[in-house]
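A.B. asks: give the three-dimensional model of this entry:
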Amino acid sequence: MKIRRAAGRQPSELNAIQRNPGTTFEEKCTQRANALPLARKSRRGVVLIVVLVLVMMLALAGFGFLSAMSTEYEAARLNGSMRQARQTMASAESTLLWFAGLSDRERMIMGGLHHNPALFRGHIIEPLSEPGTGNSSSATAAAPLVEQAMNSTTVDDRWRFSVVSLDRTPEQNSVLRFGLQNESSKLNLNNLLRWEQASPGQGRTSLMQLPGMTEAIADSILDWLDADEQTREFGAETEYYQTLDRPYRSANALPPQLTELLYVKGVTRQLLMGSDGPSSDGSLDNQPQQTPSVDANGDLSTNSETTGAGWLLLLTLHSAERNRNRVGQPRIFLNSASLSELEPQLAATLPATLVRYLLLARVYGLTLTAEPQPGVEPSAPPFAATMAPAFRINSLADVIDSSVKVTTSSGPIVVQSPLQSRNPEFAALVASLLDLTSVHADPVIAGRINLQTASESVLSTIPGLTPELVSQIVTQRAAQDPAESKSAVWLLSRGILDVTMFRRVFPDLTMGGDVFQGEIVVHRNVGGPLLRRNLIVDAASTPPRRVHWVDLTDSPMSFPQELLLPQSASSLQ
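C.D. replies: Take a look at the predicted model:
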């Protein structure tokens with residue numbers, strides 16, 4: 001019975017004994033007795049293997065759970081960083097709108113918009129204090145301590161934003177600035193229609209000043225913009241576009257975006273965006289990467305000459321400015337219907353002789369001459385504020401070197417303008433008149449070109465300005481006195497333009513502009529993500545608003561990210 005029970009429990013060794021017919025009964029018993037301990041040992045080994053497999057499965061399950069949790073943690077961390085980056089972008093845009101909405105004087109006190117590294121280079125967004133730990137004032141008070149603590153470490157992962165503009169025009173090398181581009185530095189397409197209406201053919205003449213422009217393309221652009229279907233000499237209207245493989249109609253209106261000009265006959269991507277391939281919004285993001293250098297003033301520039309700048313850098317749809325003086329107050333409207341209301345307003349800001357002359361000009365009209373005319377002082381002829389104004393002042397430039405013929409019972413009296421171009425105080429007096437008064441009633445003036453910042457190509461589009469005059473303007477504005485930059489009168493005082501030409505071009509010129517374009521870059525010293533957005537800010541409207549934006553995050557940058565950080569922050573990396 002023992003042998004039989006053992007045989008039922010033995011492994012292959014016992015079975016082998018039974019299958020061997022040449023073995024005696026005693027030998028079988030001995031072999032079975034020796035095989036029992038081996039069977040017990042083999043059975044204990046299987047249990048260990050099973051336990052080992054279970055332990056390994058539990059370990060793998062633990063590692064899988066740890067890996068999943070690590071992935072979830074990383075995803076949560078990245079999502080949190082992205083949310084922080086987006087909030088930083090919102091803060092940067094709000095800061096930009098606030099700063100652009102300040103008056104000209106306030107902007108200049110804070111460093112200006114053109115190049116302001118103190119405000120727009122690696123600007124730190126300080127985190128808010130935790131609830132219950134204090135208010136924002138305590139967080140502000142602790143900022144120096146935070147800065148000191150950061151300086152004692154090697155890692156600075158605070159969020160920053162930079163506002164950059166890359167100037168690439170045919171007239172200069174590429175320059176990276178920490179500031180904005182003034183849209184008034186470009187040719188507003190709306191001006192073309194206005195100039196064409198005032199003088200047929202002027203629209204084509206102005207467009208021909210752009211690099212690479214032809215008469216056929218210029219006429220086609222004008223046909224695309226005007227409201228009729230009459231084809232110009234070399235142009236194209238809907239009749240032509242309907243013959244294409246994919247037909248469409250001419251817009252016959254200003255485009256909502258400049259890239260719509262790609263639909264115009266003859267306009268190619270290379271002409272509009274440049275041979276170096278800027279982005280569709282006008283920013284130069286597809287440029288071959290170069291390493292700008294930093295000069296003593298913080299300017300970043302390269303030495304490579306710019307070639308093939310596209311028309312996107314020279315054209316705009318949004319240029320405008322507020323009809324306000326440098327301190328942000330509305331200008332006095334000279335063409336007011338009531339002289340009794342106009343006189344005290346002018347008397348509070350301008351000399352009495354100039355006030356009287358302006359009022360006489362409203363009653364009797366201005367006489368324009370090429371040379372100053374002799375005459376009496378404005379206070380000599382009779383005047384009453386109850387007189388009805390019969391004439392408008394069309395341009396403030398008409399007041400210069402002009403005269404007023406006053407009709408009296410004893411005969412006409414010629415009144416000489418106080419604004420004589422030969423007067424030593426002429427420039428300061430004209431600057432005050434241009435800043436404090438206006439012939440426009442609208443709160444916003446659109447389309448004027450900035451005399452100080454416009455390129456040579458853009459200035460050449462202004463009717464009346466020849467290439468020789470434009471060359472003199474560009475040469476002399478670089479060496480002018482800061483006081484001269486407040487008004488365009490330096491064109492007269494320096495003898496670049498005569499009075500007749502100055503009167504012609506003055507309505508198209510400005511020294512300001514309140515619509516700006518630039519690129520906001522959100523970044524950190526260490527880690528990411530990095531966000532980029534090109535936007536146009538309209539500070540001419542109230543309140544300031546964003547009128548156009550393009551996400552550039554996935555586009556390659558044409559300059560190293562390290563240049564966005566101040567030198568002190570770069571050393572912490």
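A.B. asks: only C-alpha atoms from now on, for both contacts and neighbour counts.
C.D. replies: Noted.
A.B. asks: burial count for the closest residue to Leu254 other than its chain neighbours?
C.D. replies: Counting by Cα to Cα, 6 or more residues apart in numbering, Leu254 lies nearest to Leu225, which is 5.4 Å off, once chain neighbours are set aside. Leu225 has 21 neighbouring residues, counting by other Cα atoms under 10 Å.
A.B. asks: distance of Leu225 relative to Leu451?
C.D. replies: Counting by Cα to Cα, to the nearest Å, the gap from Leu225 to Leu451 is 25 Å.
A.B. asks: likewise for Ala380?
C.D. replies: Remark: distance between Ala380 and Leu451 (Cα to Cα) = 38 Å.
A.B. asks: more neighbours: which of these two?
C.D. replies: Leu451 (24 against 11).
A.B. asks: pretty sure the more buried one is touching Pro507, no?
C.D. replies: No: using Cα atoms under 8 Å, Leu451 is not in contact with Pro507, being 11.6 Å away.
A.B. asks: how distant is the longest helix seen in the chain from the center of its chain?
C.D. replies: Assignment by DSSP state H gives helix 25-100 as the longest helix of the chain. Relative to the chain's own centre, helix 25-100 is displaced by 51 Å; criterion: Cα atoms, centre = their mean, to the nearest Å.
A.B. asks: C-terminal to that helix, what's the next element?
C.D. replies: Proceeding N to C from helix 25-100, the next assigned helix or strand is helix 104-109, under DSSP states H and E.
A.B. asks: list the buried residues in that following helix.
C.D. replies: 104, 106-107 (16 or more other Cα atoms under 10 Å).
A.B. asks: with stretch 513-523 instead?
C.D. replies: 513-523.
A.B. asks: which stretches of this protein have low pLDDT?
C.D. replies: Scanning the chain for pLDDT under 70 picks out 1-45, 128-154, 168-174, 275-309, 567-573.
A.B. asks: make it 80
C.D. replies: Applying pLDDT under 80 to the chain flags residues 1-47, 126-156, 167-175, 275-309, 370-373, 481-485, 527, 567-573.
A.B. asks: that's a helix at Leu261, yeah?
C.D. replies: Yes: judged by DSSP: H, G, I helix; E, B strand; the rest coil, Leu261 forms part of a helix.
A.B. asks: residues of stretch 224-231 that come out buried?
C.D. replies: Under 16+ other Cα under 10 Å, the buried positions of stretch 224-231 are 224-226, 231.
A.B. asks: restricted to helices, list these.
C.D. replies: Those of these lying in helices (DSSP H): 224-225.
A.B. asks: and Ser541, that's in a strand?
C.D. replies: No: using three-state DSSP, the assignment for Ser541 is coil, not a strand.
A.B. asks: about what we covered before: distance check, the residue nearest to Leu254 against Ile445.
C.D. replies: With Cα to Cα as the criterion, Leu225 and Ile445 are 21 Å apart.
A.B. asks: also Glu321?
C.D. replies: 5 Å.
A.B. asks: which of these two has more neighbours?
C.D. replies: Legend: neighbour count by other Cα under 10 Å for Glu321 and Ile445, higher for Glu321 (24 against 18).
A.B. asks: got the buried residues for stretch 455-473?
C.D. replies: Using 16+ other Cα under 10 Å as the test for burial, stretch 455-473 gives 455-463, 465, 470, 473.
A.B. asks: with secondary structure and distance to Ala539 as added columns, please give these in TSV.
C.D. replies: Conversion of the buried residues of stretch 455-473 to TSV gives the following (DSSP: H, G, I helix; E, B strand; the rest coil; distance: Cα to Cα, whole Å):
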residue	secondary structure	distance to Ala539
Ser455	coil	22
Glu456	helix	26
Ser457	helix	26
Val458	helix	22
Leu459	helix	23
Ser460	helix	27
Thr461	coil	25
Ile462	coil	25
Pro463	coil	28
Leu465	coil	29
Val470	helix	29
Ile473	helix	28
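A.B. asks: quick check, nearest of these to Trp98?
C.D. replies: Ser455 (27.6 Å; Cα to Cα).
A.B. asks: and Tyr241, how far from Gln197?
C.D. replies: Taking Cα to Cα, one finds Tyr241 at 25 Å from Gln197.
A.B. asks: so between these two, which is more surrounded?
C.D. replies: Between Tyr241 and Gln197, counting by other Cα under 10 Å, Tyr241 is the more crowded of the two (17 against 12).
A.B. asks: I'd say that one and Ser250 touch.
C.D. replies: Yes: in this structure, Tyr241 is within contact of Ser250 by Cα under 8 Å, at 7.1 Å.
A.B. asks: what count of nearby residues applies to Glu215?
C.D. replies: So Glu215, with other Cα under 10 Å, has 15 neighbours.
A.B. asks: verify the stated contact: it with Arg204.
C.D. replies: Yes: contact criterion Cα under 8 Å: Glu215 and Arg204 qualify, at 6.9 Å.
A.B. asks: can you give me the helices for the stretch 401-550 of the chain?
C.D. replies: Counting by DSSP state H, counting those that start in this stretch, the stretch 401-550 of the chain has helices at residues 426-436, 456-460, 467-477, 490-493, 499-505.
A.B. asks: could those helices be laid out in TSV, adding distance to Pro418?
C.D. replies: Converted to TSV, the helices of the stretch 401-550 of the chain look like this (distance: least, Cα to Cα, whole Å):
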stretch	distance to Pro418
helix 426-436	9
helix 456-460	30
helix 467-477	26
helix 490-493	16
helix 499-505	15
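A.B. asks: closest to Arg77 out of these?
C.D. replies: It's helix 456-460; of the helices of the stretch 401-550 of the chain, that one is closest to Arg77 (Cα to Cα) at 48.6 Å.
A.B. asks: and the contacts of the closest one?
C.D. replies: With Cα atoms under 8 Å, 6 or more residues apart in numbering as the test, helix 456-460 has contacts from 171, 185-187, 206, 209-211, 314, 449, 451, 465-467, 470-471, 474.
A.B. asks: could you find the closest non-adjacent residue to Arg86?
C.D. replies: Nearest to Arg86 is Leu531, by Cα to Cα, 6+ apart, at 7.8 Å.
A.B. asks: to clarify, my last question referred to Leu207.
C.D. replies: Leu207 sits nearest to Ala218 (Cα to Cα, 6+ apart), 5.9 Å away.
A.B. asks: next: Ser438.
C.D. replies: With sequence-adjacent residues excluded and distances taken as Cα to Cα, 6+ apart, Ser438 is closest to Phe333, at 5.3 Å.
A.B. asks: distance check, the one you found against Val175.
C.D. replies: 40 Å.
A.B. asks: could you pull up the residues touching Leu346?
C.D. replies: Applying Cα under 8 Å, 6+ apart, the residues near Leu346 are 332, 355.
A.B. asks: so which helix or strand takes in it?
C.D. replies: Here Leu346 is assigned to helix 339-347, by DSSP H and E.
A.B. asks: hmm, back to that, the residue nearest to Leu254 reaches Ala251, doesn't it?
C.D. replies: Yes: with contact defined as Cα under 8 Å, Leu225 and Ala251 form a contacting pair (6.8 Å).
A.B. asks: kind regards, and thank you for your time.
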